[in-house]
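Trainee: what follows is a predicted structure for the sequence shown.
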Amino acid sequence: MAKVKICGMTDLRDALKAYELGCDYVGFIFFDQSPRKIDQEHARVMIEDLPKDLEKVGLFFNQNIDKRSEERRVGKECRSRWSPYH
């Protein structure tokens, strides 16, 4: 069965609606040049209010190897289980 992920979450109501409609994953973009970028604290607060069984994804773009430890820290603090690199 296919899984559904919606990226670019910046509003708790949107993330909850995605879950209500059957979304499996919601994505949070940590990329300064994205219009859908979310800061770490806002993402952390949103994630605390989301259902535990909704998978959270932290998206990072064009990062060098030196920045990955920082990204892992952000993912851990925001309770994101997935961190794809684009």
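Mentor: Perfect, thanks for sending it. Numbering: from 1, shown residues only.
Trainee: every contact and neighbour count from this point should use C-alpha atoms.
Mentor: OK.
Trainee: what bridges to the residue positioned nearest the centre of the chain?
Mentor: For the chain, residue 28 is the residue whose C-alpha lies nearest the centre (CA atoms, centre = their mean; 2.7 Å). Legend: beta-bridge partners of residue 28 under DSSP bridges are residue 58.
Trainee: what's the neighbour count on residue 21?
Mentor: Neighbour count of residue 21, defined by other CA atoms under 10 Å: 9.
Trainee: quick check: the gap between it and residue 56.
Mentor: Distance, residue 21 to residue 56, by CA to CA, to the nearest Å: 16 Å.
Trainee: report the contact partners of the residue nearest to the centre of the chain.
Mentor: Counting by CA atoms under 8 Å, 6 or more residues apart in numbering, residue 28 touches 7-10, 37-38, 43, 56-59.
Trainee: export the residues you listed to TSV and append columns for distance to residue 50, neighbour count and secondary structure.
Mentor: Formatted as TSV, the contacts of residue 28 follow (distance: CA to CA, whole Å; neighbours: other CA atoms under 10 Å; DSSP: H, G, I helix; E, B strand; the rest coil):
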residue	distance to residue 50	neighbour count	secondary structure
7	15	16	coil
8	15	20	coil
9	12	19	coil
10	13	18	coil
37	18	17	strand
38	16	20	coil
43	11	27	helix
56	9	26	strand
57	13	23	strand
58	14	28	strand
59	18	21	strand
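Trainee: quick one: which two of these are the most distant?
Mentor: 37 and 56 (15.0 Å; CA to CA).
Trainee: tell me where the model's unsure across this protein.
Mentor: 62-86 (pLDDT under 70).
Trainee: which parts of this protein are strands?
Mentor: 5-6, 25-29, 55-59 (DSSP state E).
Trainee: mind putting the ones you listed into JSON lines with distance to residue 17?
Mentor: Below are the strands of the chain laid out as JSON lines (distance: least, CA to CA, whole Å):
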{"stretch": "strand 5-6", "distance to residue 17": "11"}
{"stretch": "strand 25-29", "distance to residue 17": "11"}
{"stretch": "strand 55-59", "distance to residue 17": "14"}
